[in-house]
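> This is a predicted model, with the sequence first.
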Amino acid sequence: QAVPAGSHVRLNLQTGEREAKIPDSKNGESYAREERRRKRLGKVDVDANSFTSEELKKALAKMKESEKAERKVSFLFLKQCTVRKKFRPIEQLKEEFEKLNMKMETDYEIMVKLISKFNSSASTLDEKVAALYDLEYYVHQV
């Protein structure tokens, strides 16, 4: 038998029967609890003395969906914040390396230099071979 939410339920150990008592709705605490329940269950008929299994299943599914969505949004936000804390933008890194008199180059910039070195007629055979080996390393990463 379905029992309205907020009811007091107990098991009578002498008779082995389950007993339920509907709380008094006179006090404000039970009214506030009833309002929270109505908001949580949504469009389910909360004024009925009992609920059908379909109504309970729908309400439970709705609660699970909203909980999953909230968890997913908060997880993605936290993940994005932690990633941003770990990494800095490439422009900021370039500026910091320039202050240290170090030039930071991306893989693409290095590959362009190696290709131009390989195509250059002024490069020796050893320089061209070294450029090909280095280029092979960078292309493998891509």
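That came in fine, so what should we check first? Residues are numbered from 1 along each chain as shown.

> show me what contacts residue 94?
residue 104 (C-beta atoms under 8 Å, 6 or more residues apart in numbering). No exception for glycine: its C-beta is placed from N, CA and C like everyone else's.

> so how far is residue 134 from residue 8?
78 Å (C-beta to C-beta, to the nearest Å).

> These two: which has the busier surroundings?
Counted by other C-beta atoms under 10 Å, residue 8 and residue 134 do not tie: residue 134 has more neighbours, with 16 against 10.

> In what element of secondary structure is the residue nearest to the more buried one when sequence neighbours are not counted found?
Using C-beta to C-beta, 6 or more residues apart in numbering and skipping the chain neighbours, the partner closest in space to residue 134 is residue 114 (5.4 Å). When elements are assigned from DSSP states H and E, residue 114 belongs to helix 107-119.

> Now do that helix: which elements does it pack against?
helix 125-141 (3 or more C-beta pairs under 8 Å, 6 or more residues apart in numbering; DSSP states H and E).

> Give the buried residues for stretch 101-114.
For stretch 101-114, the neighbour count (16 or more other C-beta atoms under 10 Å) marks 111, 114 as buried.
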